[in-house]
Each structure stands twice: as C-alpha cells, then as structure tokens.
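[1] sequence and predicted structure are below.
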Amino acid sequence: MSMISVEQAQAHILAAITALPQHETVTLWQAQGRILAQTVTAPFDVPPHRNSGMDGYALRHADISNGQSLRVIGSSFAGRPFTGTAQAGECVRIMTGAVVPDGTDTVVMQEYVQRDGDAIQVDKAPETGENVRHPGEDMRTGDTVLAAGHKLNAADLGLLASLSLGEVEVLRRPRVAFCSTGDELKSIGEPLQPGDIYDSNRYTLHGLLSKLDVEIIDLGVVRDTPEAVEHAFQQAMQQADVFITSGGVSVGEADFVTATLQRLGKVDFWKVAAKPGKPLAFGTLGNTVFFGLPGNPVSVMATFLLFVRPAILTLRGETVPLVPEYSAICETGLKKTPGRKDYQRGICERDANGQWRVRSTGGQGSHILRSMSQANCFIVLPLEWGDVEAGTTVSIIPFDGLL
Ligand SMILES: Nc1nc2c(c(=O)[nH]1)N[C@H]1C(S)=C(S)[C@@H](COP(=O)(O)OP(=O)(O)OC[C@H]3O[C@@H](n4cnc5c(N)ncnc54)[C@H](O)[C@@H]3O)O[C@H]1N2
Ligand code: MOO
C-alpha cells in the first residue's frame, strides 16, 4: 500500500465517521461541553414578571412632571412583591429584581430621590418606563433557545436552569479503548531488564483522551504475539466505539497490528506521508473505528492530534474537528527531507506587533518525547519542502487546549 497525503487521510477519516446516534439524559451538573440531542424551547417567559432594574422607587411617570412629592405606600422586594395598586400621587419602595407594582410604570434610582418620612421628591426625572424590565425580554414562551447539535457551554447551563430544565438529552460520549503493544514495555516501578523501557504512550494517550470528554477504556500493555494482539482487538470490538493501539504497526517481524486488523476487520489505509506518523493504520472492526498509531512517543501524539482527535470529536457530534493553523516567522533554520509533511516541534510566541514567531525545540527524532514537552506548537512544513532557512514564513498549530 502506498502512502496517502495527510489531507487525504483526514478527509478519508472524516468521511467514514458520523456522530454517534445514541442519546442519553444528563443533569445540568454533567452537561458542560456535551452536544444537545434535542431542541430546547422556552416553556415560559424569562423574566416571568415585570421587575425593577434598580433599587429605588416605582411610580407613575405622569406624577413627577410637575415636581410634586409622592407618598410611599409600601415596599416591593425580590421574591416578596407589593400586592396593592399604586394610585395617583403614590409610589412604592422597590429593590432590584422585585415585581414592579400595578399602577406604576417607571422606577427612579434612589440616588435621584430625596426622602423625608413617607414622602419622596424626585431630583432627576427618569424617562417613562425607565429601569423597568419586561416579561420575556430574555426569552419568550415558545422561543427556540437552543438547537439540537449545539455544544453546551456555561451560559447555556444557566439559561436552561432559568427555564427550570434540570435535565437535557445529549449525544452519548464515545467509548475509547487503547493499549500499548511491545515486549520491551515495563510498567512504572518494575525493574528494567536489558532492552526494556517504560511504557509512556499509555499515559500520553490517557492525557490526550482526558481532554476530550470520552469514556476511557485502558486495555494495558499487550505483548508482541499474534494471540495477545488479537485478544486486545476482540476486547475492544466488544466494548468500544474507537480502538487505539500504539506500536507494532510498522514492517518489523513483531509488528502484528495491521495483519490483525486485516483479519478481524478492514484496513482503510496504512501509511501516511507525515513525519512523524508514517505507519499510521486506519480501519474498522465491525462498528469500532480503529487507529493503529506508530509506537514512537512523538508519533503517537502527532497522529492522535492530526487524525484520532478529529475522529473522536466528529463521533461526539462536533462539527469543526480540525484545529486551525497560523502563519509564523521561523527564527531558526530547519532540516527537512522532501516527501512527507513534517510536524516539527516548535516554541511560538507573538511579538509586540502581534506577529507569531516560532523556533525549533532542537532534535526532531520521533523518540524524543521531551521535544513535545518543551514545545507549544507544531511547525507544519509542506510535503515537497526541503530544508527551511531562518526567516521563512511557516504554518504553526498551537497546542492551546490540545494537550
Ligand atoms: N524498515 C522500516 N522500519 C521502520 C519504518 C519503515 O518504514 N521501515 N518506519 C519507522 C517509523 S517512521 C516509525 S514511526 C516506527 C513505528 O514502528 P511501530 O509502530 O511498529 O512501533 P514499534 O516498533 O513498536 O516502536 C517504535 C519505537 O517506539 C517505542 N515504543 C513503542 N511503544 C512504546 C510505549 N508504549 N512507550 C514508549 N515507547 C514506546 C519502541 O520501543 C520503539 O523504539 O517504525 C520505524 N521503523
Ligand atoms: O513516522 Mo515515524 O513516526 O517518522 O518516526
């Protein structure tokens, strides 16, 4: 199988995936960031009643044009309305949010009033209707206030609460299973035998998945045997919407991932013209979407961000899964071989003029995980480019919110 371009691979993945059809009901406490599966209409007006925008006095505007003093006949507090009706020459002490009493049409701020016992004198006349907030000004009965497909944010949660809607229908979260493959991998704390290393990819993947509001299923470290790899695949197919492996996807004699995918499911593509990330495998296992990520620690992160993350966002119902790129001036020269699109690790910042500037983190081997830890962006270099001179304008993908 020949290599396909990054763009072809991304298009292929997004074309193969649609949002999960299943819904679930969650409380507002669990609803932040979830995708609505229902349309929400307002069951009543918000605010539900005419109320005051200020602390002051509710009065009849017609009464103050001639400068007469008004008699205070009671008080209206938020949650404790005045129940009577104001007549000509009368006013009611009122607090912010309290019901504006019948018979009045305007609220004057208390700072513009002089009070003497039961009488007030207005120093500065408001406009008619000033400081009166009307029913339905925020939302009117029957208004569509949130559409299906909308991603709920903090404002929306408050909005739903103000409509007394404590639960909402949202799309189900994707279940994502992942494992590391490799006989050389030891778990934290185990002694290393010659040739061993500690498994870092599972921790990286767990961290990346934790940013995405998914159900995470950790299938652990899988040994480099066809049986062990197959067993992990079987488990994932039964439990997960997405299955991610790391390692064992290249052409070595202990690389069983692609063959297992071929046996149990379907290989959509294998190998992308990306550096790092070349041996990425993508396919399906029944209803489970499969990503075989290369084992190198930087390759895992790059392929996750470029290919897996957009797929998961699409599954969870988001409509703009790809991250934006920006132009930056590259302050360091970069080594590059034409033939693959490079995602080099960079450190970017905006200068005083708002111009992005970026420099390399140094060594770009896909085993140098520290380059990802030091970086705050990818420097994206087109497939056909060779070495890059300092001062060249390049594209960057900032890591904000991604890692
Ligand atoms: N003859 C060829 N050899 C390789 C090619 C090729 O095209 N022809 N491609 C290279 C590229 S590019 C990559 S990327 C790697 C990917 O290989 P695998 O996906 O099969 O990964 P492994 O061989 O299993 O591991 C690669 C590397 O990463 C380390 N590793 C693996 N898992 C973990 C883990 N969980 N935590 C930390 N480190 C891990 C592993 O020890 C290896 O050093 O293939 C190249 N070879
Ligand atoms: O594609 Mo590999 O990820 O270059 O090291």
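    Ah, there it is. Ligands and ions are numbered 1, 2, ... in the order given.
[2] use CA for all of it now, contacts and neighbours both
    Noted.
[3] flag every buried residue along the lengthiest helix in the chain.
    Secondary structure of the chain per DSSP state H: the longest helix is helix 226-239. Buried residues in helix 226-239, defined by neighbour count with 16 or more other C-alpha atoms under 10 Å: Val229, Glu230, Ala232, Phe233, Ala236, Met237.
[4] give me the distance between the second one and Val222.
    Spelled out, that is Glu230. Distance of Glu230 to Val222, computed by C-alpha to C-alpha, to the nearest Å: 10 Å.
[5] ok, now Val267?
    With distances taken as C-alpha to C-alpha, Val267 is found 20 Å from Val222.
[6] equivalent analysis for Leu381, please.
    From Leu381 across to Val222, the span is 34 Å (C-alpha to C-alpha).
[7] can you name the residues of the protein sitting close to ligand 1?
    180-182, 199-202, 246-251, 255, 277-278, 294-297, 299 (C-alpha under 6 Å from any ligand atom).
[8] so who does the residue nearest to Cys377 when sequence neighbours are not counted touch?
    Among residues not flanking Cys377 along the chain, Pro398 sits closest, at 4.1 Å (C-alpha to C-alpha, 6 or more residues apart in numbering). Neighbouring residues of Pro398 by C-alpha atoms under 8 Å, 6 or more residues apart in numbering: Glu325, Cys348, Asn376, Cys377, Phe378.
[9] just Val380 next, same as before
    The contact partners of Val380, taken as C-alpha under 8 Å, 6+ apart, are Lys341, Asp342, Tyr343, Gln344, Val394, Ser395, Ile396, Ile397.
[10] isn't there a strand covering it?
    Yes. According to DSSP: H, G, I helix; E, B strand; the rest coil, Val380 belongs to a strand.
[11] break the chain into its domains for me.
    When the chain is parsed with automatic domain parsing, its domains come out as 6-22+173-315, 23-46+137-171, 51-133, 326-398.
[12] what about the longest one, near ligand 2?
    So that's domain 6-22+173-315. Yes. Counting by C-alpha under 6 Å from any ligand atom, ligand 2 has neighbours in domain 6-22+173-315: Lys275, Pro276, Gly277, Lys278, Pro294, Asn296, Ser299.
[13] the lengthiest strand in the chain pairs with which strands?
    Secondary structure assigned by DSSP state E gives strand 341-350 as the longest strand of the chain. Each strand that pairs with strand 341-350, with its direction, by DSSP bridges: strand 274-275 (parallel), strand 356-360 (antiparallel), strand 377-381 (antiparallel).
[14] for that strand, the distance to its chain's centre please.
    Strand 341-350 sits 22 Å away from the centroid of its parent chain (C-alpha atoms, centre = their mean, to the nearest Å).
[15] and that strand with ligand 2, contact?
    No. Strand 341-350 lies apart from ligand 2 when judged by C-alpha under 6 Å from any ligand atom; the minimum separation is 9.0 Å.
[16] and the average pLDDT for that strand is what?
    What strand 341-350 shows for mean pLDDT is 98.
[17] buried ones in that strand?
    Neighbour counts over strand 341-350 (16+ other C-alpha under 10 Å) mark Lys341, Asp342, Tyr343, Gln344, Arg345, Gly346, Ile347, Cys348, Glu349 as buried.
[18] and if you look at stretch 165-183?
    Within stretch 165-183, the residues scored as buried using 16+ other C-alpha under 10 Å are 165, 167-182.
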